[in-house]
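S.K.: For reference, the sequence and a predicted model appear below.
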Amino acid sequence: MAVACVGALLAGAPMANAGGTIEVGEHHSVSFGAGMRGGYGRSDAGSDYSLQSVRLYVNGQIHENVKFTFNTECESCVFGQDAGDPVGAAGDIDVLDAIAQFEFSPGFNIWIGRMLTPADRIELNGPYYGLSWNQYTVPLLPSDQLGQAGLLGRDDGVTVWGTVGKLQYSAGLFDGVDGGPNQDGNSLFASRVAFNFLEMEANPAYYTSSTYYGGGGDVFTVGVSFQSQSDGTGTSASPQNFSALIVDALLEKPFENGSAITLEAEHKSFDAPPPAAGSDCFCLFDGSAWFVTAAYLFPGEAGIGRVQPYFRYTSNEPSDAAIGDSELTEYGINYIINGHNLRLNVHVTDGDANLTGAPGTDETRFGFGVQVQI
């Protein structure tokens, strides 16, 4: 089974998990944390154990309005493959985030450095704050392409973000694809607006989660994301413009007995026309993709944790009929011991959809996962 990593290593909200904080004066502090995801998978092709993600988190404050974030990720510390994970190169520790954060008010803040590009919910969740174990089975944006246009959902640039009433916004300019088809140095524009119709979602900055395990109150949020870059796909000899429009929605309803239902859906539309053949092609998915997820959190504890079964269906529909459509169904159970900081997961996937948008291996796969954060 191929070595894999991107789907398990994508964006997250590490600022919510500080393992320890050192106070060094008024408005001066440093906090540390870490995260790990690993698991076991088996299909007809064989079985494997995989260390899917290892992260170190460092966050600090140096002024009343100035903070910083520095996070690392083991880019390819994986020894196996879970559904939807692409092939990664072997072995380095990479700078995941390096952000100077100028935070003036709830409504207006500026971040500069390497950070998550404003995008759809599953991109901003990261693996640690998703609902299903395999949420990366739809095509990914340029900043997830491992190299030429970013790394694990991150890119170098600047983001302006804030909250006005129940509206959350974020917009930024980034390097995007650098070189290749983009010989003129055009920037990637990335943006997201989300409206919280019920309770406000409680997340750091413009990050997101796909479940609060009933602890976030009545949640109903609709988000719209848009990204574009001139000469953002193709080859140097045949550059093409790239754009993506994504709509996502999250509904979570807790009940008095402690149970909760969660519904999540997303539709992606990519415009990335395929260029003439070329060796330097930065080729992106062209077409549409969507998924739906439903979960039910049982009331009360079963042992030391709570049980949350879920169902997810994914469909990828490329514009090129020769590539062919793909789909994936996932049945899973989360065993939640301490929210997103400690959970176990078992799941079964069936189908051929993956994050390239093109059909992969059509197989049934069983998986078991462990997630820990401090």
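M.R.: Yes, it's here.
S.K.: by contact count, what packs against the top strand by length along the chain?
M.R.: When the chain is parsed with DSSP state E, its longest strand is strand 46-63. Strand 46-63 sits against helix 6-9, strand 28-43, strand 66-74, with contacts defined as 3 or more Cβ pairs under 8 Å, 6 or more residues apart in numbering; DSSP states H and E. C-beta: built from backbone N, CA, C; applies to glycine.
S.K.: Which one, of these, ends up nearest to D286?
M.R.: helix 6-9 (19.6 Å; Cβ to Cβ).
S.K.: ok, back up a step: now mean pLDDT and mean neighbour count too, for the helices and strands packed on strand 46-63, in a markdown table please.
M.R.: Converted to a markdown table, the helices and strands packed on strand 46-63 look like this (pLDDT from 0 to 100; neighbours: other Cβ atoms under 10 Å):
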| stretch | mean pLDDT | mean neighbour count |
| --- | --- | --- |
| helix 6-9 | 37 | 27 |
| strand 28-43 | 93 | 18 |
| strand 66-74 | 93 | 20 |
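S.K.: before we move on, the earlier item: return the alpha-carbon coordinates of the longest strand of the chain using CSV.
M.R.: Provided in CSV are the C-alpha atoms of strand 46-63 (Å, rounded to 0.1, in the frame of the first residue of the first chain):
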residue,chain,number,x,y,z
GLY,A,46,-3.5,-5.8,2.4
SER,A,47,-3.2,-4.1,5.8
ASP,A,48,-1.1,-1.3,7.2
TYR,A,49,-0.5,0.8,10.3
SER,A,50,-0.1,4.5,9.7
LEU,A,51,1.1,7.4,11.7
GLN,A,52,-0.9,9.9,9.8
SER,A,53,-0.1,13.2,11.6
VAL,A,54,2.3,14.5,14.3
ARG,A,55,2.2,18.2,15.2
LEU,A,56,3.8,20.5,17.6
TYR,A,57,2.0,23.7,18.5
VAL,A,58,3.6,27.0,19.8
ASN,A,59,1.6,30.1,20.3
GLY,A,60,2.4,33.3,22.1
GLN,A,61,1.6,36.9,22.8
ILE,A,62,4.0,39.8,22.8
HIS,A,63,1.6,42.8,23.0
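S.K.: In its sheet, which strands sit next to it, and in what direction?
M.R.: Each strand paired with strand 46-63, and its direction, by DSSP bridges: strand 28-43 (antiparallel), strand 66-74 (antiparallel).
S.K.: Please identify the buried residues of that strand?
M.R.: 48, 50-62 (16 or more other Cβ atoms under 10 Å).
S.K.: mind checking how far that strand is from the chain centre?
M.R.: Computed by Cα atoms, centre = their mean, to the nearest Å, the chain-centroid distance of strand 46-63 equals 14 Å.
S.K.: how about the nearest residue to G300, chain neighbours excluded?
M.R.: In space, and not counting its chain neighbours, G300 is closest to G258: 6.2 Å by Cβ to Cβ, 6 or more residues apart in numbering.
S.K.: Was I right to think the one you found contacts V307?
M.R.: No. Using Cβ atoms under 8 Å, G258 makes no contact with V307, being 11.7 Å away.
S.K.: hey, what's in contact with both of those two?
M.R.: Common neighbours of G258 and V307, counting by Cβ atoms under 8 Å, 6 or more residues apart in numbering, are L297.
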